[in-house]
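Peer 1: show me the folded form of this:
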Amino acid sequence: MPDVYSVKPSESTEDYKRKILSLRQRGDVRNNWLKYRLENLLPKLMKEQGLEMWLVIAREYNEDPVILSLLPEPQMSARRRTILVYMMKQDGTLERLILSRTGLGEFYKTAWNPDQDEQYDCLAKIIAERDPQSIGINYGETFAFGDGLTHSEYIQLCRAVDGKYIKRMKSAETLCVRWLETRTPNELVIYPSIVEITHTVVSEAFSTRVIHAGITTVDDLSWWVRQKFHDLGVQPWFPPSISKQSAEPNKTNMIMPGDMLHCDVGFNYLGLCTDVQRLAYVLKPGEVDAPEGLKAGLKDGNRLQDIHAEEMVAGRDGNEILKNTLDRSKAEGIIPSVYTHPIGVHGHAAGPIIGLWDRQGGVPGRGDYKLYDDTCYSIELNVKKAVPEWNGMMVTFALEEDAAFTQGKLQWISGRQTKFYLV
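Peer 2: The predicted structure follows:
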């Protein structure tokens, strides 16, 4: 790791622009991943959750949160009403059916002829013919990802099927979360290059290529990042933001020498999200590095990351990880705040919440969910530290790095910040 961060010609975002896949190429990659997930991951997860059948029912513009992750490219919506049926077969594989006016080739077998049956009547026949002993439907109080079956669709489902099958229905909330949170080997292989693009955009943004002290504002820089994502052909999933702290705060948002800059940026590419927060320092005339007090704050942030990583153990829930991390870091004299979230198909994704910025005592429900292998997280946190060079001012050092929990260990997906970007 270099002592300071700087942009080199070989690290230009223009180099990455040439590597970004076309829409058709992206579709091919994602469909290959989906085929693997449907054939290898989903049967395993349904068995894990004790479900013989899983129903995913959604209407266009009122999509179940999980359905788009189950549909191949170039699908972009549920198309009127789409019903997906997954049935465990005796050989351990899945029968995959779709009740829709459009088929989906090798991914789902078309099981409904609109000229012969009403959609729900057809579904009722499919259920009766297969006689599943347990049927998962998407409702639940804890995770939005598992609560996608609307009330009206549930009523129509219950009207159509035999009463004995209604009694066999149960929440598929955990199945939805497990499906969304679990990353396959190929996804874990490609994720570092996606996160690396984020780091390269940050590196370029935090440089004199973009920042002209006394002219550039934090709003200018925020919009530059958003425009850069657009130009690269990736989609931000939240508005990029830049903020600053200084020993001599001014009332404008102008970036000035002596400012510590903070970014919060992330995008979606190939169906995977990134989320990164990093810090930069704008050198004053004659300076060659950030003040020691700022570097000490960043060091505390890195130590909090280390403790957090050590406390992430498979089988522990988010609240336990949070408490252990806070207790250990406070014992070392660190002033911590932890608000880590899963990342993947969504930015604030399915899986255990490890604190919220306003819930440092734990998060009931979502924080009680356990940590599983082959899942990814944005390790989001901050520390506060008095900076002597800034007249003892208490400064917040907010960091966020993407990491994968795999093979029982947390690993940074594409490194982490240990030194300031210098502008």
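
Peer 1: and stretch 129-146, how far out from the chain's middle?
Peer 2: 23 Å (C-alpha atoms, centre = their mean, to the nearest Å).

Peer 1: pLDDT on it, on average?
Peer 2: On average, the pLDDT along stretch 129-146 is 97.

Peer 1: can you pull out the low-pLDDT segments for the chain?
Peer 2: 1-13, 16, 250 (pLDDT under 70).

Peer 1: residue ranges of each domain in it, please.
Peer 2: 50-171, 182-422 (automatic domain parsing).

Peer 1: straight-line length of stretch 106-125, end to end?
Peer 2: 23 Å (C-alpha to C-alpha, to the nearest Å).

Peer 1: ranking the domains of the chain by burial, who's on top?
Peer 2: Ranked by mean neighbour count, the domains of the chain are led by domain 182-422 with a mean of 19 (mean count of other C-beta atoms under 10 Å). C-beta here means a position set from N, CA and C on the backbone, and glycine is covered the same way.

Peer 1: how far is that one from where the chain is centred?
Peer 2: 13 Å.

Peer 1: any idea how far I98 is from A58?
Peer 2: 12 Å (C-beta to C-beta, to the nearest Å).

Peer 1: and for these two, which residues touch both?
Peer 2: T82 (C-beta atoms under 8 Å, 6 or more residues apart in numbering).

Peer 1: one step back: can you add distance to K17 and give the domains of the chain back as TSV?
Peer 2: What follows is the domains of the chain, written out as TSV (distance: least, C-beta to C-beta, whole Å):
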stretch	distance to K17
domain 50-171	21
domain 182-422	5
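
Peer 1: and of those domains, who's closest to L42?
Peer 2: Nearest of these to L42, taken as C-beta to C-beta: domain 50-171 at 6.1 Å.

Peer 1: quick check: end-to-end length of that closest one?
Peer 2: Per C-alpha to C-alpha, the first residue of domain 50-171 is 11 Å away from its last.

Peer 1: follow-up on the earlier one: which stretch among the domains of the chain comes nearest E14?
Peer 2: domain 182-422 (9.2 Å).

Peer 1: helix/strand/coil for Y86?
Peer 2: Put simply, Y86 is strand when judged by DSSP: H, G, I helix; E, B strand; the rest coil.

Peer 1: correct me, but it touches I98?
Peer 2: No. In this structure Y86 lies outside contact range of I98 using C-beta atoms under 8 Å: 10.4 Å.

Peer 1: re earlier: for the domains of the chain, which one sits closest to L21?
Peer 2: domain 182-422 (7.7 Å).
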